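Asks: task: produce atomic coordinates for the following.
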Amino acid sequence: MPDSLMYSEDNFVVLETNQPEQFLTAAELLEKLKNILAQRQDDLPRDLQKLSSLEAQAQHLLNTYYEFDLGLGQYLQWYAVRLEK
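Replies: All right, here's what the predicted structure looks like:
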């Protein structure tokens with residue numbers, strides 16, 4: 001039986017235009033996504049437009065995407081990682 005820890009997504013590596021890679025917790029990434037979405041409410045993908053709150057939009061983005069288009073030549077990508085202590 002597989003270990004449930006294999007499927008937990010508690011930490012993410014975040015890649016952003018002109019920024020060094022960052023390691024964020026799920027809560028930190030969710031907050032980052034909410035801040036970005038708050039500024040882009042007029043230009044959201046259709047599946048995000050259907051969701052009424054920033055929290056729901058950010059959670060859906062975190063759960064179903066790995067990249068968010070920030071415009072020409074800019075990117076935001078995130079990948080789940082397991083950090084060993």
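Asks: could I have the CA atoms of the longest helix along the chain written out in CSV?
Replies: For the chain, the helix that runs over the most residues, judged by DSSP state H, is helix 26-38. What follows is helix 26-38, C-alpha atoms only, in CSV (Å, rounded to 0.1, in the frame of the first residue of the first chain):
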residue,chain,number,x,y,z
ALA,A,26,0.9,25.5,0.5
ALA,A,27,-0.5,28.3,2.7
GLU,A,28,2.1,30.8,1.5
LEU,A,29,1.5,29.8,-2.2
LEU,A,30,-2.2,30.2,-1.7
GLU,A,31,-1.7,33.7,-0.3
LYS,A,32,0.6,34.6,-3.3
LEU,A,33,-2.0,33.3,-5.7
LYS,A,34,-4.8,35.3,-4.0
ASN,A,35,-2.7,38.5,-4.3
ILE,A,36,-2.1,37.9,-8.0
LEU,A,37,-5.7,37.0,-8.7
ALA,A,38,-6.9,40.1,-6.9
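Asks: got the buried residues for that helix?
Replies: Of the residues in helix 26-38, those buried by neighbour count under the rule 16 or more other Cβ atoms under 10 Å are 26, 29-30, 32-34, 37. (Glycine included, C-beta is placed from N, CA and C.)
Asks: packing partners of it?
Replies: Taking 3 or more Cβ pairs under 8 Å, 6 or more residues apart in numbering; DSSP states H and E as the contact definition, the neighbouring helices and strands of helix 26-38 are strand 11-16, helix 54-64.
Asks: quick one: it to strand 11-16, angle?
Replies: 30 degrees (axes from the mean of the first three to the mean of the last three Cα atoms, to 10 degrees).
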